[in-house]
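Colleague: take a look and give me a structure for this.
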Amino acid sequence: MADQAIGIGTGTRERHGRQWLRVFVVGLLLWVASVVVTFATDNTNLVPTVILLGSFLVPVTFVVYAFERHADEVVTAQRIFAAFLYGGVLGVLGASVLEAAFLEQPVVGTYLGVGLIEEAVKLAALWLLARRLPRYTMRDGIVLGAAVGFGFAALESAGYAFNALFTTDGLSLQNLVETEVLRGLLTPLGHGLWTAILGGVLFRTAAEAGRLRLSWPLVGWYLVVAGLHALWDASRPIAVWLTLLLTATQVQWALIQMGRMPQPTQAQVHTFATLNMAVLVVDETDEVFANLYSAGVSLKNAAPGLPGRRVALALGAVSTLLAVLVGDLARYENFLFLLGALFVPLFGVLAADWYVLARRRYDVAAMYRPDGPYRGVRWPAVAVWLLGFLVYNWINPGTVTAWVSLVEWLLAGVVHLPFPLSARFPWLGASIPSFVVAFLAMLAVGRRGPGNPKGVPR
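Modeller: Modelled structure (predicted):
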């Protein structure tokens, strides 16, 4: 009944739907509207709405995605929802009780203790909810584990947002909004991912034994996940401690012993930033592995003759070398802004291709045929993407000196265009124009024709 009530029963669910995207977009618009109205009216009655919408937006989007993509006769919609709600609540309550009992005084091991406790209670909640399933597969464990993790993350984010509201100067809606945006962006890389890993290991062991049981692989991955959790929480304090240990002067140590905060030197600021980045790099090894794997698979799809393992190793080496060459994190931040300019026109290309040219349908089987319509690299689409990227940088070239000089030489020196365009039109943003240019250009190069029914650029 519950499946039918929400329109995604296992028998009639539309697997190609995009309800999760609609939920995310509509929820994001409602959250933005709530924030704007709260800022404009100073109505504190709207604060709970802002907190709930912002904290649950990303987690609920995942749950709807899991409904559409992974619900079946075993991992039903009810079980996914129960894992999200009951697992999240049980996890938060269990973590609160255990942390209050065993972590009364903040010490060096507090972060590790938090990681061990929170990952243990989420695993226990998942175990409790999955005791009598008729079958166990790794995929089911990943889905239900992620649901438990996202439920925990939603409730925890709501608590952090509530605490951020209160400052010594009174209520701060800005702090609340900044906290929700940051935690919303990081949510897919935190609790949901960690519990999904444990769920996959737990269910794989259960698939071999026929029942849920404790195993050495599960214990090992539990310790790994708890360690990643601890590193995530402790990255800043660890960097501060290492910086003081390596560079603090006798005067600074004396001030610390007196309970006063010493003024850091410029060298210590750089050391702290480097160490903080190093700790985060260690913590993000699981995401780095996924990125390298994804990039390697994409290159191998484009050039099947490439050796997959060597490509992944080469990508890892090049990425590591580029990271080592970055000595100033402020410059690295500017590079990230420049990199972000690539994604706006890319979305324009993909939107035109999917919604208009392909009419929201790809022939998946044809993608894997060497003689299919999707073979090779779609160079016209790549050219359109780069055109949108140039439009973005024509309007807002960023702050990377070498890149700004190159774009200025190309657009102002060669093409004789006003540069940057935002200097002439200060109100003009770069995102919407670059998206529109990429969208329209993709429609132009990918027009349908008798010999091109899929609208694939040749």
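Colleague: what sits against Y136?
Modeller: 130, 203-204, 206-207, 212 (Cβ atoms under 8 Å, 6 or more residues apart in numbering). (Each C-beta comes from the backbone N, C-alpha and C, glycine too.)
Colleague: pretty sure it is in a strand, no?
Modeller: No - Y136: not assigned to a strand; according to DSSP: H, G, I helix; E, B strand; the rest coil it is coil.
Colleague: what about it, distance to L417?
Modeller: 61 Å (Cβ to Cβ, to the nearest Å).
Colleague: what residue spans form the domains of this protein?
Modeller: The domain map for the chain lists 2-213, 334-458, with the assignment taken from automatic domain parsing.
Colleague: export stretch 83-91 as PDB, just CAs?
Modeller: Output of stretch 83-91 as PDB, limited to C-alpha atoms (Å, rounded to 0.1, in the frame of the first residue of the first chain):
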ATOM      1  CA  ALA A  83      16.300   2.900   6.900                       C
ATOM      2  CA  PHE A  84      16.400   6.700   6.400                       C
ATOM      3  CA  LEU A  85      14.000   7.600   9.200                       C
ATOM      4  CA  TYR A  86      14.400   5.000  11.800                       C
ATOM      5  CA  GLY A  87      18.100   4.300  11.200                       C
ATOM      6  CA  GLY A  88      18.800   8.100  11.200                       C
ATOM      7  CA  VAL A  89      16.900   8.600  14.500                       C
ATOM      8  CA  LEU A  90      18.300   5.600  16.200                       C
ATOM      9  CA  GLY A  91      21.800   6.500  15.100                       C
END
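Colleague: so that it lines up with my notes, have the first residue be 59 from now on.
Modeller: Sure thing, new numbering starts at 59, so read that last one as stretch 141-149.
Colleague: chain center to it, what's the gap?
Modeller: Centroid separation for stretch 141-149 versus its chain: 21 Å, with Cα atoms, centre = their mean, to the nearest Å.
Colleague: for it, give the mean pLDDT please.
Modeller: What stretch 141-149 shows for mean pLDDT is 87.
Colleague: coming back round to it: dump the contacts of Y194 to a markdown table, plus secondary structure and pLDDT.
Modeller: Formatted as a markdown table, the contacts of Y194 follow (DSSP: H, G, I helix; E, B strand; the rest coil; pLDDT from 0 to 100):
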| residue | secondary structure | pLDDT |
| --- | --- | --- |
| A188 | coil | 89 |
| F261 | helix | 92 |
| R262 | helix | 91 |
| A264 | helix | 90 |
| A265 | helix | 89 |
| L270 | coil | 89 |
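Colleague: so which of those residues is the closest to L243?
Modeller: Using Cβ to Cβ, F261 comes nearest to L243 of the contacts of Y194, at 28.6 Å.
Colleague: and for the closest one, the neighbour number?
Modeller: When neighbours are counted by other Cβ atoms under 10 Å, F261 registers 24.
Colleague: the domains of the chain: which one's closest to V376?
Modeller: domain 392-516 (15.0 Å).
Colleague: chain center to that closest one, what's the gap?
Modeller: Computed by Cα atoms, centre = their mean, the chain-centroid distance of domain 392-516 equals 23 Å.
Colleague: pLDDT on it, on average?
Modeller: Rounded mean pLDDT across domain 392-516 is 81.
Colleague: how about stretch 352-367?
Modeller: For stretch 352-367, mean pLDDT is 77.
Colleague: just the buried positions in that stretch, please.
Modeller: By 16 or more other Cβ atoms under 10 Å, the buried positions in stretch 352-367 come out as 354, 357.
Colleague: one more: stretch 112-125?
Modeller: For stretch 112-125, a neighbour-count test (16+ other Cβ under 10 Å) marks 112-125 as buried.
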